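Engineer: Prediction below, plus the sequence it came from.
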Amino acid sequence: MNKALQRIDFAALETLCLVYRLRSFTAAAEALNIKQSSVSYTVERLRRSFSDPLFVRQGNQISPTDRCIELVETAERILADIERTSHPIEFDPGSLETTLSISATYLSRSVLLPKLVSDLRREAPRLKIDLITGFTNANKQLRTGAADVALSPMTINESGLYGKFLFEDPYVCLMDPTNQLAKGTFTPERFAAASHMIIHYGQTWQPPFRKALKDIGHVINPTLSTANPEDVGLMVPGTDLVVTMPSRIAQQFTPQLVFRPCPVPASAQINCYWPARHNSSSLHIWLREKIFLIASEEKE
């Protein structure tokens, strides 16, 4: 073996992959909770070992060299293989003593996670679960290692991330029973002109029903905006507000409120994403298969 390679350890490869994914020494140091100088020193060792700059600066950003890209692809396979072989050949959930981090939106927390957490507690009682909020930042959470798996309505097409569609849930419109829109023909025009309570999940993301309205020439001007779906039960009763949300979440607020099908066709999706480094891990395969099974039962 090349003597220069004998100084390379798994931690150095993980650091390299993180810098590559984040395109930043500073961000990688923050994710690892170490000093930036430690990251710089590790990358410099790798540069000497592989006789390549690995990263070059272009303006305010760094870009990987071709050799770096090839090295990261190899390193991620090595790290994934090592993680897989660290588990017993016969995978035993009952012996697990680790923490799984799951990034999830309100819809997935309402529909998937109650059954998932119940199953995990029964089969792997020593397993710890860290639930974190994720939406437009789910891809970053996966790249940095903040999340092992993400349940998100976003469409993520990035190298190093895998994904699978789980289910979709149609939007419905919730309102007080005395609201004029609770009766009569519910047209897109009446819907667009209503007093809307909007639940925003990220300023850069628009729910599909708003896009569907815009496509036919209608734009919603929200009367009330909130980031918390639970505010629906506090703010909508006794008012003329209308809130549009996935049907499985809306069911939590009946019979206090009534709901009608959204007058424009739109559905919320839930997708499951995971990083390449966990693709072959027995632990994470087991976790994902549980998520896939619960999602398939929800679609029936």
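Structural biologist: All right, it came through fine. This structure is a prediction, so every number in the text was calculated from the model and none was measured. Residues are numbered from 1 along each chain as shown.

Engineer: List the strands paired with the longest strand seen in the chain, with their directions.
Structural biologist: Of all the segments of type strand in the chain, defined by DSSP state E, the longest one is strand 161-175. Based on DSSP bridges, the pairing partners of strand 161-175 within the sheet are strand 241-246 (antiparallel), strand 258-261 (antiparallel), strand 267-275 (antiparallel).

Engineer: By residue count, tell me the biggest helix in the protein.
Structural biologist: When secondary structure is assigned using DSSP state H, the longest helix within the chain turns out to be helix 66-86.

Engineer: In what element of secondary structure is the closest residue in space to Ile78 that isn't next to it in sequence found?
Structural biologist: By the measure of Cβ to Cβ, 6 or more residues apart in numbering, the closest residue to Ile78 outside its immediate chain neighbours is Leu13, 6.6 Å from it. Where C-beta positions appear, they are placed from N, C-alpha and C, glycine not excepted. Leu13 belongs to helix 10-22 when assigned by DSSP states H and E.

Engineer: elements contacting the next helix or strand after that helix?
Structural biologist: Toward the C-terminal end, the helix or strand that comes next after helix 10-22 (DSSP H and E) is helix 25-32. Helix 25-32 sits against helix 10-22, helix 36-50, with contacts defined as 3 or more Cβ pairs under 8 Å, 6 or more residues apart in numbering; DSSP states H and E.

Engineer: Let's see that with 10 Å instead.
Structural biologist: With contacts defined as 3 or more Cβ pairs under 10 Å, 6 or more residues apart in numbering; DSSP states H and E, the packing partners of helix 25-32 are helix 10-22, helix 36-50, helix 138-144.

Engineer: give me the low-pLDDT residue ranges for the stretch 101-250 of the chain?
Structural biologist: Within the stretch 101-250 of the chain, the segments meeting pLDDT under 70 span 202-204.

Engineer: shouldn't the residue nearest to Ile78 be in contact with Thr42?
Structural biologist: Yes - under the criterion of Cβ atoms under 10 Å, Leu13 lies in contact with Thr42, with a separation of 9.5 Å.

Engineer: out of these two, which sits in the busier spot?
Structural biologist: Higher neighbour count among Leu13 and Thr42: Thr42, with 23 against 20, using other Cβ atoms under 10 Å.

Engineer: The residue lying closest to that one once chain neighbours are set aside: what's it in contact with?
Structural biologist: With sequence-adjacent residues excluded and distances taken as Cβ to Cβ, 6+ apart, Thr42 is closest to Thr15, at 4.7 Å. Remark: with contacts taken as Cβ atoms under 10 Å, 6 or more residues apart in numbering, Thr15 is in contact with 9, 25, 28-29, 31-32, 34, 38-39, 41-43, 45-46, 75.

Engineer: most neighbours, which of those residues?
Structural biologist: Sorting the contacts of Thr15 by how many neighbours each has (other Cβ under 10 Å) puts Ala28 first, at 26 neighbours.

Engineer: Run a quick neighbour tally on Thr155.
Structural biologist: Neighbour tally, Thr155, other Cβ under 10 Å: 10.

Engineer: pretty sure it contacts Gln269?
Structural biologist: Yes - counting by Cβ under 10 Å, Thr155 sits close enough to Gln269 to count as a contact (8.2 Å).

Engineer: anything in contact with each of the two?
Structural biologist: A shared contact of Thr155 and Gln269, defined by Cβ under 10 Å, 6+ apart, is any residue touching both; here these are Phe165.

Engineer: re earlier: the residue nearest to Ile78: what's it in contact with?
Structural biologist: When contacts are counted by Cβ under 10 Å, 6+ apart, Leu13 touches Thr42, Leu46, Leu71, Val72, Thr74, Ala75, Glu76, Ile78, Leu79, Ile82.

Engineer: hmm, try it at 8 Å
Structural biologist: Taking Cβ atoms under 8 Å, 6 or more residues apart in numbering as the contact definition, Leu13 lies against Ala75, Ile78, Leu79.

Engineer: The nearest residue to Gln180 once chain neighbours are set aside - how many residues pack around it?
Structural biologist: The shortest distance from Gln180 to any residue that is not its chain neighbour, by Cβ to Cβ, 6+ apart, is 7.5 Å, and that residue is Asp240. Around Asp240 sit 14 other residues, with neighbours defined as other Cβ under 10 Å.

Engineer: ok, now the one 10 residues further on?
Structural biologist: Other residues lying near Ala250 total 22 when counted by other Cβ under 10 Å.

Engineer: any idea which element it lies in?
Structural biologist: Here Ala250 is covered by helix 247-250, with elements defined by DSSP H and E.
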